[in-house]
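Trainee: give me a model of this one.
(chains A and B)
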Amino acid sequence: GENVEQHPSTLSVQEGDSAVIKCTYSDSASNYFPWYKQELGKRPQLIIDIRSNVGEKKDQRIAVTLNKTAKHFSLHITETQPEDSAVYFCAAGGNTGKLIFGQGTTLQVKP
Amino acid sequence: KAGVTQTPRYLIKTRGQQVTLSCSPISGHRSVSWYQQTPGQGLQFLFEYFSETQRNKGNFPGRFSGRQFSNSRSEMNVSTLELGDSALYLCASSKGGSGNTIYFGEGSWLTVV
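Mentor: Numbers count the residues shown, from 1 in each chain, chains lettered A, B, ... in the order given. Reported below is the predicted structural model:
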């Protein structure tokens, strides 16, 4: 069935370091890969997304890469700040409102 | 532009009761999806409605149902509540087409006692 594996489940970095979260998906039909940031008690907030016709996308300190052949996509956060601390979810979707989510990564940025 | 609005935000129900949650999507969005979030199972897809029709369905029992109205507003209903139904229920809206961006509401926190 459809599945998205996300690693690591927890990640602790020093302020200013980089953080990388990796996801693997199973459904070859997936063509949309968003990343959401969720702070405690709040809604998932879209931080960046990538579509299957693009290999890499960058927005300031955040970048996402996609390898469709290997069915891998990754989130890269550079120059991490304490306010980056949250749970990050990757997801895979198609041309509808259905998303399959990874299990989440708890990122802790230590000052 | 208003975001995705969900009501009620918090509710407590007793086992065996039923509950109805409401979602108003972003203006112009025709797709509404529902997700269940629990600490153990993460974010799981319940179902999606597009133009008043269920377009996708996740692996949840028939106790979970939904509908969408002509103004794109959606409701989901859970009947015969179980303790395990305690969760954050998130509604998400999008335009519904290829490569569409999906936005989440604040969610409805359901506690079943």
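Trainee: could you pull out the helices for chain A?
Mentor: Assigned helices in chain A: none (criterion: DSSP state H).
Trainee: tell me the mean pLDDT for stretch A:14-21?
Mentor: The predicted model gives stretch A:14-21 an average pLDDT of 98.
Trainee: can you list the buried residues in it?
Mentor: Within stretch A:14-21, the residues scored as buried using 16 or more other CB atoms under 10 Å in any protein chain shown are A:19-21. Every residue, glycine included, has its C-beta placed from N, CA and C.
Trainee: so that stretch, near chain B or not?
Mentor: No - contact between stretch A:14-21 and chain B is absent, the nearest approach being 14.4 Å (criterion: CB under 8 Å from any CB of the partner chain).
Trainee: tell me the contacts of B:Ser24?
Mentor: Taking CB atoms under 8 Å, 6 or more residues apart in numbering or on different chains, we find B:Ser24 in contact with B:2, B:4-6, B:72-73.
Trainee: can you give me the strands in chain B?
Mentor: For chain B, the strands defined by DSSP state E occupy B:5-7, B:10-13, B:19-24, B:31-38, B:42-50, B:53-57, B:64-68, B:74-78, B:87-94, B:103-104, B:108-112.
Trainee: what does chain A give?
Mentor: All strands of chain A, identified by DSSP E, fall at A:4-7, A:10-14, A:19-25, A:32-38, A:45-51, A:56-59, A:62-67, A:72-77, A:86-93, A:99-101, A:105-110.
Trainee: nothing else from me, thank you.
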